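A.B. asks: Fold the following, please.
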Amino acid sequence: MKKVDCIIVGQGIAGTMLSWFLMQEGFRVLVIDDGKKNSASRVAAGIINPVSGRRFEPAWMYDEIYPFAKSTYAELSALLNVNILTERNLWTVFPSEQLRDAFNAKAGKGSNEKYTTIPQDLQYGEYLQQTLGAAIIKGATVNLKEFLPAYRQYLTNKEALLPVHFELSALEVISDDEVKYGDYTANQIIFCDGVAGAANPYFQAIKFLPNKGEVLMIRIPGLETSDIIKKSITLVPQPEGLFWAGSSFAWKYPDELPTSEQRVHLEEKIQQLLKVPYEVTDHLAAVRPSGDDRRPIAGFHPEYPAIGIFNGLGTKGCSLAPLMAAHFARVIKKKEPLMAEIAVNRYFNKPRR
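C.D. replies: The predicted structure follows:
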């Protein structure tokens, strides 16, 4: 029997960051992950956007979250020899007069001053339909396609990865501070397994809002840029001259596979943005996890204190994960209390209907 301090289920952005910060706190960690190719983290473009929603309000805690994320990704880039974070402008094409007016009312003012500007001249006139103008938002991308595999190899080298599908039926809760899974025992197990958390019987009290997203990989001859281009669809530069084009949202879906209906929908959005021909090279789909209040979910089950969760990072996962994981690791180390805004107990304390 092998003993570790903590078992982490899942190696998306949540499990990657939590395992990293727990190891920095001195914990012996085992990550269980089967490398599912269409997990949300592996399909996502890794966009970091400082503003949220159609009102262009600053994202929650962004002034604290982003500097910490930038520093963390720089440290991991040096460790793994991978370029993880790239700061980019989001060239935001206005799809309506209403959104243009909402942006102009807030651009360069108050808390938005650091992140938003109105360009003096329109770029990409040869390629983009932008009759209502455009704006610049200062964002970034996280290179998940190289970061996650490189960190997976790091875990393998440390003998801290079990590359298998996790079977909940094989988990044994021995006591309040011991669990057993296969040949391993641990003081705690923490589920960082994205949408699978919605089916976890220990966390049925959580109201997950899983939704399916589909994206296309496209080639746009002649268009070369490091900017993210955003209208009613988002184009993110990729290696070899490709662009990630997405994504769709579907609340009801029979499976996790790409669909012809969503491809048509995505291509309609692309054609509303581009003036030029393009080529589709791939079509991907994944199911995203998020909680009903769009805040991360962290903590331990009130009746089974050896069973924890770190989930619900949603579309802000690449910006949220480093700071939230570092905080949760310090909580587990008993260095600080858990933030009420992300505590899993907010679900268990709700009155049942």
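
A.B. asks: Please count neighbours and contacts with C-alpha atoms only from this point.
C.D. replies: Noted.

A.B. asks: Which stretches in the stretch 151-300 of the chain count as helices?
C.D. replies: Taking DSSP state H, counting those that start in this stretch as the test, the helices found in the stretch 151-300 of the chain are 260-273.

A.B. asks: Give the buried residues for stretch 234-241.
C.D. replies: Across stretch 234-241, burial judged by 16 or more other Cα atoms under 10 Å covers 234-237.

A.B. asks: Quick check: end-to-end length of it?
C.D. replies: Using Cα to Cα, to the nearest Å, the gap from the first to the last residue of stretch 234-241 comes to 16 Å.

A.B. asks: Pass me the low-pLDDT residue ranges in the stretch 251-353 of the chain, would you?
C.D. replies: Applying pLDDT under 70 to the predicted model, the residue ranges of the stretch 251-353 of the chain that meet it are 350-353.

A.B. asks: contacting residues for the nearest residue to Asp177 once chain neighbours are set aside?
C.D. replies: Leaving aside its chain neighbours, Asp177 sits nearest to Asn187 (4.8 Å; criterion: Cα to Cα, 6 or more residues apart in numbering). Listed by Cα atoms under 8 Å, 6 or more residues apart in numbering, the contact set of Asn187 reads 4-6, 177-179, 306.

A.B. asks: likewise Arg219?
C.D. replies: Residues in contact with Arg219 (Cα under 8 Å, 6+ apart) are 241-243, 278-281.

A.B. asks: what pairs with it across the strands?
C.D. replies: For Arg219, the residues forming beta bridges with it (DSSP bridges) are Leu242, Glu279.

A.B. asks: any idea which element the spatially most central residue of the chain lies in?
C.D. replies: Closest residue to the average C-alpha location of the chain: Gly317 at 2.9 Å, with Cα atoms, centre = their mean. Taking DSSP states H and E as the criterion, the element that holds Gly317 is helix 317-332.

A.B. asks: Which positions in that helix come out as buried?
C.D. replies: Using 16+ other Cα under 10 Å as the test for burial, helix 317-332 gives 317-330, 332.

A.B. asks: Quick check: closest non-adjacent residue to Asn143.
C.D. replies: Take Asn143 and drop its neighbours on the chain: the residue closest to it by Cα to Cα, 6+ apart is Ile84, 4.9 Å away.

A.B. asks: Low-confidence ranges, the stretch 101-250 of the chain, go.
C.D. replies: Scanning the stretch 101-250 of the chain for pLDDT under 70 picks out 108-112.

A.B. asks: who are the neighbours in contact with the residue nearest to Asn143?
C.D. replies: 73-74, 76-77, 142-144, 146-147.

A.B. asks: Give the buried subset of these as a ChimeraX selection command.
C.D. replies: Filtering these down to the buried ones (16+ other Cα under 10 Å) takes a single ChimeraX command:
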select :73,74,76,77,142,143,144,147
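
A.B. asks: Let's see which of the contacts of Ile84 end up in helices.
C.D. replies: When helices are assigned by DSSP state H, the members of the contacts of Ile84 inside them are 73-74, 76-77, 144, 146-147.

A.B. asks: buried ones in the very next helix or strand once past the helix holding Gly317?
C.D. replies: Next in sequence after helix 317-332, counting helices and strands by DSSP H and E, comes helix 345-348. When neighbours are counted by 16+ other Cα under 10 Å, the buried residues of helix 345-348 are found to be 345, 347.

A.B. asks: List every C-alpha atom in helix 345-348, with coordinates, as CSV.
C.D. replies: Once side chains and other backbone atoms are set aside, the C-alpha atoms of helix 345-348 remain, and they are given as CSV (Å, rounded to 0.1, in the frame of the first residue of the first chain):
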residue,chain,number,x,y,z
ASN,A,345,-20.8,24.9,2.1
ARG,A,346,-22.8,27.6,0.4
TYR,A,347,-24.7,24.8,-1.4
PHE,A,348,-25.1,22.5,1.6
